[in-house]
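> what's the 3D shape of this:
(2 chains)
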There are 2 protein chains.
Amino acid sequence: MIENFSHVTINCRDLDRSVAFYESIGLQVLKRIGELNSEANARAFRLPAGRLKVVHLGPKEPSENMRIDLVEWLDPQPTGEAYPTLNNIGLARLCFRVSNIQETVNHLKEKGIIFFSEPQLLGQGVTTVCFNDPDGTTLQLIEGLREFVNR
Amino acid sequence: MIENFSHVTINCRDLDRSVAFYESIGLQVLKRIGELNSEANARAFRLPAGRLKVVHLGPKEPSENMRIDLVEWLDPQPTGEAYPTLNNIGLARLCFRVSNIQETVNHLKEKGIIFFSEPQLLGQGVTTVCFNDPDGTTLQLIEGLREFVNR
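Below is the predicted model of the structure:
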């Protein structure tokens, strides 16, 4: 049965560009898997071929229970666009915990990141803000929500 | 700066149906947040309104570092469809660790879940399989990949 999370996959058009972006927002490369190519990939992902490049990303203190697999598809090539709005059906946004959201936003604005809004207080001390990665995938920062601490 | 993961948001069309589905695959409800409605939501998510229902989901041993926010948008209503293929740009799939993938697949098949393929051996003892949630969001199971254990 399911033990825990393993990873979430983010497909990008340019792996080097996206790795630089995710490093700039404070994640680290856990492992550069490089190029994979197998019929097993094609079957598992129900695609006509299975050639892709992968980099594993995580926070500064990674655990086995969650990482990002940043993927650039080579064959078949990447297709489509990220969901245009946050009420689209599907995996809509990936959210990271920050200790000081305003400080983080100020820091990331200096790096050229454009946010959907100023940080918004949602109530009960929870503040959040959204932005896009280079391919339009929506990321989110949240401060003040720490409910499930190793209970 | 970013401390760790917080959550990934999965938008669905019918919260009750999706909660039942995610419970059936072995996740648990951490908290039923109920209905939220605020202009701050609308601003944060860059939508014309901000009314939604939320349930927090996690594995059997939840941590503060990752959960699922299962969301049904009420205003605006959910739109669009999940990505049609796994090489689409964006948040493509959410993957869970399992200790025995074949046993898990057999168990979930009995519950009516249809998989993309039989479990596929990707090499180095890693086996994986994909399936969809009720709205077509792609989930994945993986056995054998435990690289970043509290290092």
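> out of the helices and strands in chain A, which is least certain?
Of all the helices and strands that make up chain A, the one with the lowest confidence by mean pLDDT, DSSP states H and E is strand A:120-123; it has a mean of 91.
> list the buried residues of that one.
For strand A:120-123, a neighbour-count test (16 or more other C-beta atoms under 10 Å in any protein chain shown) marks A:Gln120, A:Leu121, A:Leu122 as buried. C-beta here means a position set from N, CA and C on the backbone, and glycine is covered the same way.
> ditto for stretch A:29-45
Under the neighbour-count criterion of 16+ other C-beta under 10 Å, stretch A:29-45 has A:Leu30, A:Leu36, A:Ser38, A:Ala40, A:Asn41, A:Ala42, A:Arg43, A:Ala44, A:Phe45 buried.
> show me which of these neighbour chain B.
A:Leu30, A:Leu36, A:Ser38, A:Ala40, A:Asn41, A:Arg43, A:Ala44, A:Phe45 (C-beta under 8 Å from any C-beta of the partner chain).
> okay, and the fourth one sits in which element?
Right, the one you point to is A:Ala40. Using DSSP states H and E, A:Ala40 falls within helix A:39-44.
> next structured bit after that helix?
Toward the C-terminus, helix A:39-44 is succeeded by strand A:51-58 as the next helix or strand (DSSP H and E).
> that following strand: how far from the chain's middle?
In terms of C-alpha atoms, centre = their mean, to the nearest Å, the gap separating the centre of strand A:51-58 from the centre of its chain is 12 Å.
> just the CA atoms of it, as PDB, please.
What follows is the C-alpha trace of strand A:51-58 in PDB, where atoms were taken according to Å, rounded to 0.1, in the frame of the first residue of the first chain:
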ATOM      1  CA  ARG A  51      13.300   9.200 -23.900                       C
ATOM      2  CA  LEU A  52      13.600  11.900 -21.300                       C
ATOM      3  CA  LYS A  53      16.100  13.900 -19.200                       C
ATOM      4  CA  VAL A  54      15.600  14.100 -15.400                       C
ATOM      5  CA  VAL A  55      17.000  16.100 -12.500                       C
ATOM      6  CA  HIS A  56      15.800  15.500  -9.000                       C
ATOM      7  CA  LEU A  57      15.200  18.700  -6.900                       C
ATOM      8  CA  GLY A  58      14.500  19.100  -3.300                       C
END
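> packing partners of that strand?
helix A:15-24, strand A:28-37, strand A:67-75 (3 or more C-beta pairs under 8 Å, 6 or more residues apart in numbering or on different chains; DSSP states H and E).
> listing partners with orientation, what would you give for whichever helix or strand comes after the shortest one?
Tracing the chain past strand A:67-75, the next element assigned as helix or strand by DSSP H and E is strand A:90-98. Paired strands of strand A:90-98, with direction, are strand A:138-143 (parallel), strand B:2-11 (antiparallel) (DSSP bridges).
> those strands: which one's closest to B:Glu143?
strand B:2-11 (21.0 Å; C-beta to C-beta).
> all set, thanks.
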